[in-house]
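Enquirer: Quick one: sequence plus predicted model below, questions after.
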Amino acid sequence: MPRHIELRVAGASPAGPGILRVTLRDPDGWPLPRVKPGAHLDLHVPGVGPRAYSLCGDPAVQDAWTVAVKREPESRGGSAWVHGLAPGDSVAASMPRCTFPLAEGAGRHVMIAGGIGVTPFLAMAPVLERAGADWTLHLLHRGALPCPADLAPFLKSGRAVAHDTAAQPRPALESLLGPHRPGLQAYCCGPTAMIESFERATATWPTGSARAEHFVPPVLPPDPDARPYTLVLAGSGASADVPAGGSMLVALRALGAKVEASCEGGICGACKLRWLEGVPVHRDRVLTPQERESHLMACVAGCASDRLVVEA
Amino acid sequence: MSASTGWNGVVSHLHITPRAFLPMRAQEAIELVAGEGIVGDRYRIGTETGFYSEKPEEGRQVTLFEAEVLEAILRDYKMEILPEEHRRNVTTRGVPVNHLVGQRFRLGDCVVEATRLSIPCRHIEEILGKPVFDPLVHRSGLNCKILEGGTLRIGDAIRPL
């Protein structure tokens, strides 16, 4: 467990149609790592793998993280598992990541949410309020509201506007967003079709002035010359396709190779491997030119050939 | 002059955390247990729950970091790293940490032996959300094992044996 954050379910309660709101704490109530508004948390679903959920609690609350998860009929196992959680259950999580940040310096923020896609905006809202920012959240939903208690103060103040598409025509995103003007920042989180509409509506906006939450897995710092390659283990002959810029260490672990790793930044030397064929790209700061002729550091190395054979 | 003499340091801050990833919390005093670690800290041997606990090491019983390095990073990189952010247990002032590998010295009433220099890791960048890795290379602190335990307090002296 040490490579995960160990959490306990402190509360689990319904929060709208098919939605469970789950509060997670450290087992002893220790403060949790600081998070940015818009961040998401990977929960490790037993037998399924990591599943990302937006944190929807106020980031200023340091001893609890909250997610609100809708049970999806076509769930790959994640939402069904979340809906089975009860207070006291243990949950393993990865460090939250923020791929959907607030735009610092924007003069006005307009957010478009589709149903349960409201969750990242629930974390942003109190931050924007404390900052005295100008912001509006448009929530498109069908029937009962998602997370009604969290939304209530913002609906009351007029910061949030709910559009029930079961009771009224679906508003055009262009009309909700308005034309772009300097300082305006738009955000969207919702179903794929809504994100595509949002991207069409903002296609002519300046780069970076419209952000959508995609839940794209993180990648290594980009190497502009990185290329995909096939990684082969000399001992077993097992192989894996490593995408351009992908981590060799991740590929090795996926192949079941026991590789020591520590700093994962190319300086500690823990994940040193012998390579036998191919053209490794060394990005470490620990191997000498002579060592590089026979070894590489798996945490940062890439490959300039189609195939790389390593002793692992 | 040997590095083992001619210096006289002091405990500036004390921090522990019970588990990997969680924020370090400031303490007025910590309890060092010989051969094990710090009461309540993630790397105490026998109850390890730290990020690196899959690779046990006696030198993680107590870790040191120079306050002067934090000041140098602020000066040179314009980056503020707080004492609770470097994730070592004891923030020192006036101690030539990098000179002490292999040496024994007194930490308050306790005696420790430095086993190796600490190495920065990307894990700390993940936790802090700051690019601290490069600035910390070669000055990321000192790993020590505890030879004689006891209570260590802020303001305690750190001296050569």
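Expert: Great, that's in hand.
Enquirer: which helix is the longest one in chain A?
Expert: helix A:119-131 (DSSP state H).
Enquirer: Next one, pLDDT for the residue of the stretch 51-200 of chain A found nearest chain B please.
Expert: Proximity of the stretch 51-200 of chain A to chain B (CB to the nearest CB) peaks at A:M95, 5.2 Å away. For glycine as for every other residue, the C-beta is placed from the backbone atoms N, C-alpha and C. Looking at A:M95, its pLDDT stands at 84.
Enquirer: Could you look up the SS state of the residue found closest to it once you drop the neighbours it is linked to in the chain?
Expert: Take A:M95 and drop its neighbours on the chain: the residue closest to it by CB to CB, 6 or more residues apart in numbering or on different chains is B:E126, 5.2 Å away. Following DSSP: H, G, I helix; E, B strand; the rest coil, B:E126 is assigned to helix.
Enquirer: Just the buried positions in the worst-scoring helix or strand of chain B on mean pLDDT, please.
Expert: The weakest-scoring helix or strand in chain B, judged by mean pLDDT, DSSP states H and E, is helix B:122-128 (a mean of 79). Judged by neighbour count (16 or more other CB atoms under 10 Å in any protein chain shown), helix B:122-128 contains these buried residues: B:R122, B:H123, B:I124, B:E125, B:E126, B:I127, B:L128.
Enquirer: my read: the residue of the stretch 51-200 of chain A closest to chain B touches B:I127, true?
Expert: Yes - under the criterion of CB atoms under 8 Å, A:M95 makes contact with B:I127 at 6.6 Å.
Enquirer: shared neighbours, those two?
Expert: Common contact partners of A:M95 and B:I127 (CB atoms under 8 Å, 6 or more residues apart in numbering or on different chains): A:P33, B:F21.
Enquirer: Can you show me the strands along the stretch 1-150 of chain A?
Expert: A:5-14, A:19-25, A:40-45, A:49-54, A:65-70, A:90-93, A:108-114, A:135-141 (DSSP state E, counting those that start in this stretch).
Enquirer: For the second one, which strands pair with it and how are they oriented?
Expert: In other words, strand A:19-25. strand A:5-14 (antiparallel), strand A:65-70 (antiparallel) (DSSP bridges).
Enquirer: hang on, A:A254 packs against A:A240?
Expert: Yes - counting by CB under 8 Å, A:A254 does reach A:A240; the two are 6.1 Å apart.
Enquirer: Neighbour count: these two, which is higher?
Expert: Legend: neighbour count by other CB atoms under 10 Å in any protein chain shown for A:A254 and A:A240, higher for A:A240 (17 against 13).
Enquirer: Surely the more buried one is in contact with A:R253?
Expert: No - using CB under 8 Å, A:A240 is not in contact with A:R253, being 10.0 Å away.
Enquirer: how about the residues of chain B that lie near chain A?
Expert: B:17-23, B:25, B:42, B:48-55, B:119-123, B:126-127, B:129, B:133, B:137 (CB under 8 Å from any CB of the partner chain).
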